[in-house]
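> The sequence and its predicted three-dimensional model are supplied below.
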Amino acid sequence: MTDRERVAALLFPHIDKTPEDYEALYPPRRLPEGAKVTRLGPSPTGFIHLGNLYGAFVDERLAHQSGGVFFLRIEDTDDKRYVEGAVKIIIDSLRFFDIRFDEGAGLDGDTGAYGNYTQSQRGEIYQCFAKKLVAEGKAYPCFLTEEEIAEIRASQEAAKENPGIYGAYAKCRDLSYDEVAARVAAGQPYVIRLKSDGNPDQSDPKLRRIHVEDAIRGTLEMPENFQDVVILKTTGIPTYHFAHVVDDHLMRTTHVVRGAEWLPSLPIHIELFEKLGWEPMVYCHTAQLMKLDEEGNKRKLSKRKDPELSLDYYRNEGYHPAAVREYLLTILNSNFEEWRAEHPDAPIDDFPFTTEKMSNSGALFDLNKLNDISKDVLLRIPAAELYDFLKGWAEEFRPELLPIFADRAYLEQILDLGRADAKPRKDLIYAKQIVDFISYFFDDLYKREDDFPAEVPAEDLPLILEKYLAGYDHADDQTEWFGKIREIAVELGYAAKPKDFKKHPEEYKGHVGHVSTVIRIALMGRAQSPDVWTIQHIMGEEMTRRRIGEALKGL
């Protein structure tokens, strides 16, 4: 047994499985040729954000379009950031947005043959492969204290050198077995560091550069890693660098989708794959989510500044998951909007998603565009489905609104208002806005938001409403109904047509539109709304007469 093997046995006496045992336990998956295996690996910090959903959507599309597998892995190796209940938040939030996992961590346990899918439960696996690297002289125990590392960092800063543990600063690289054994026996804490083969002299013309084919960014060229990074902490818990390499190999991941912030770490990960003797999977480094600030400059979405970064924002506001998914595709693939124009009624899963059409320079998030897309998406969703969605949202976020769902047929009529017109109305955006938009249909929610038109003198307001009530016949068709409003207008000195008033404003108080606006505000409390005649027929005669009567009393 070599000294290196003796060190490995000393550090990991409890590890009795070999790497070959795990290779057999997690064999290559039997999938069709070209099938992709992707994973989402969120940290359970209690905050799941739009970037998680953005990446998850890429994962899900790549896997499911190719007949592959998409799984959820909980990456909880950073115990300082762990938040109780965060796993449930992750799973519930992604489920709400229709992100469907084929296997992985779940609220009732794991599903799938490649678990455990929670990294904190896989300690012996990581330690087995760390033991292998130590035994092969590719990793070593490092006993540097925090104080010693701080001193090294200070001297590097003074000398304007790259910070880190490497080269001459890696003081534990070549400790003998006896030195390691003595330190372990003395109870000195240690981490396991990668023993990098990289050249610390970044100015050396012979510096090796790595080349990686990124599915989004094409060929990436960058200097090799030279840092002796930590792969196991003093607790035996792995760092992200080591854990994801081991897990993605054993879980047979083919494509790793992650943010551009991980690009600087790529040389570390490539070296880890080389040291372990494995082929790296295909990396897909997505663009960062950006937004325009008040000055029109692009900046990263911020947890502190931008509430729309959190997925809770979309759930609280009541965005339909289909609208959010559709919007994400517009910023994920540059050709999606063209495809949607050609296939207006096709299900979103029919779109041929591809990483080649993804931006690598920064994806611009625009809440106004999401709202516009939401209008189109909700127009395609039947009123019965919208009713169910709104009721579910109210049960979770606004239970005080549940009485408006008592009469399903009535609410479905309201939700369908104007949607079947030759030029369909697109009034519905998200649940909170929808409830506000239709509030005038419910006495408990009704409030007058707009003033009566300035063109109508105060003394004419009661006259208009009294005459309207006196002549009101719920059986009138739309032509008869508006004819009576025109008669009221002419009788009170208003032009029968807006164009007449425009030509000769001196001859009239206003025009028929001003008179009808008085009626609209009395009924709906607002100057803009869908067709009044249709609204009255949904409200019914009793509510229409009562609403006009109450407006009269308030004058």
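Everything's here; your move.

> which outside residues touch whichever helix or strand residue 147 is part of?
If you go by DSSP states H and E, residue 147 is part of helix 146-158. By CB atoms under 8 Å, 6 or more residues apart in numbering, the residues outside helix 146-158 that reach it are 144, 162-165, 169, 171. In short, each C-beta sits where N, CA and C put it, glycine included.

> Is it possible to mark the buried ones in the residues you listed?
Buried members of the contacts of helix 146-158, counted by 16 or more other CB atoms under 10 Å: 144, 164-165, 169.

> shouldn't residue 128 be in contact with residue 17?
Yes. Shown here, residue 128 and residue 17 form a contact pair, counting by CB atoms under 8 Å, at 5.5 Å.

> who has more neighbours, these two?
residue 128 (19 against 13; other CB atoms under 10 Å).

> can you pull the contacts of that one?
12, 15, 17-19, 21-22.

> Could you tell me which of those are located in strands?
Among the contacts of residue 128, no member falls in strands (criterion: DSSP state E).

> Mind giving me the PyMOL command for buried ones among those?
Buried subset of these, written as a PyMOL selection, criterion 16+ other CB under 10 Å:
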select buried, resi 12+15+19+22
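
> Same list (the contacts of residue 128) but as JSON lines, adding distance to residue 441 and pLDDT.
Formatted as JSON lines, these follow (distance: CB to CB, whole Å; pLDDT from 0 to 100):
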{"residue": "12", "distance to residue 441": "69", "pLDDT": "97"}
{"residue": "15", "distance to residue 441": "68", "pLDDT": "97"}
{"residue": "17", "distance to residue 441": "66", "pLDDT": "96"}
{"residue": "18", "distance to residue 441": "70", "pLDDT": "97"}
{"residue": "19", "distance to residue 441": "67", "pLDDT": "97"}
{"residue": "21", "distance to residue 441": "66", "pLDDT": "97"}
{"residue": "22", "distance to residue 441": "62", "pLDDT": "98"}
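
> Now do residue 114 against residue 215, distance only.
Distance of residue 114 to residue 215, computed by CB to CB, to the nearest Å: 22 Å.

> higher neighbour count, those two?
The residue with more neighbours, out of residue 114 and residue 215, is residue 114; 22 against 19, by other CB under 10 Å.

> the strands in the stretch 51-200 of the chain, which residues?
69-72, 103-104, 139-142, 191-194 (DSSP state E, counting those that start in this stretch).

> Could you check those strands and tell me which one is nearest residue 249?
For these, the distance to residue 249 is smallest for strand 69-72, at 14.2 Å, taking CB to CB.

> Summarise which helices and strands that closest one is packed against.
Using 3 or more CB pairs under 8 Å, 6 or more residues apart in numbering; DSSP states H and E, the elements in contact with strand 69-72 are strand 37-40, helix 50-65, helix 86-96, strand 103-104.

> what's the burial count for residue 277?
Residues near residue 277, counting by other CB under 10 Å: 11.

> circling back to that earlier point, can you say which of the helices and strands packed on strand 69-72 is packed in most?
strand 37-40 (a mean of 26; mean count of other CB atoms under 10 Å).

> what's next to that one, contact-wise?
For strand 37-40, the external contacting residues (CB under 8 Å, 6+ apart) are 29, 31, 52, 55-56, 58-60, 62-63, 68-73, 94, 99, 101, 104, 248, 251-257.

> to the chain's geometric centre, what's the distance from the helix holding residue 147?
On the basis of CA atoms, centre = their mean, to the nearest Å, helix 146-158 sits 40 Å off its chain's mean C-alpha point.

> what about this protein, any weak spots by pLDDT?
46 (pLDDT under 70).

> Doesn't residue 384 belong to a helix?
Yes. Counting by DSSP: H, G, I helix; E, B strand; the rest coil, residue 384 is found in a helix.

> Tell me where the stretch 101-250 of the chain has helices.
123-135, 146-158, 177-185, 240-250 (DSSP state H, counting those that start in this stretch).

> Same question for the first one: list its buried residues.
Within helix 123-135, the residues scored as buried using 16+ other CB under 10 Å are 123, 125-135.

> Grab the two from those residues that are most spread out in space.
Longest span within those, CB to CB: 123 and 135, 18.3 Å.

> Distance of residue 332 relative to residue 322?
15 Å.

> who's more crowded, those two?
Comparing residue 332 with residue 322 by other CB under 10 Å, the one with more neighbours is residue 332, at 23 against 20.

> Which residue, other than its chain neighbours, is closest to the more buried one?
residue 358 (5.9 Å; CB to CB, 6 or more residues apart in numbering).

> contacting residues around the one you found?
Going by CB under 8 Å, 6+ apart, the list of residues near residue 358 reads 58, 216, 284, 286-287, 332-334.

> who wins for most neighbours among those?
Busiest of the contacts of residue 358 [other CB under 10 Å] is residue 58, holding 25 neighbours.

> Give me the secondary structure label for the closest residue to that one other than its chain neighbours.
Distance criterion CB to CB, 6+ apart; nearest residue to residue 58, sequence neighbours excluded, is residue 257 at 4.7 Å. Applying three-state DSSP to residue 257 yields a three-state assignment of strand.

> what does the one 5 residues further on give?
In the three-state summary, residue 262 is assigned as helix, counting by three-state DSSP.

> Residue 285 now?
Following three-state DSSP, the label given to residue 285 is strand.

> For it, give the beta-bridge partners.
residue 258 (DSSP bridges).

> I'd say it and residue 258 touch.
Yes. Using CB under 8 Å, residue 285 makes contact with residue 258 at a distance of 6.4 Å.

> before we move on, back to that, turn the buried residues of helix 123-135 into a markdown table, including distance to residue 485.
Output for these, formatted as a markdown table (distance: CB to CB, whole Å):
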| residue | distance to residue 485 |
| --- | --- |
| 123 | 77 |
| 125 | 77 |
| 126 | 77 |
| 127 | 82 |
| 128 | 83 |
| 129 | 81 |
| 130 | 82 |
| 131 | 87 |
| 132 | 86 |
| 133 | 85 |
| 134 | 88 |
| 135 | 91 |
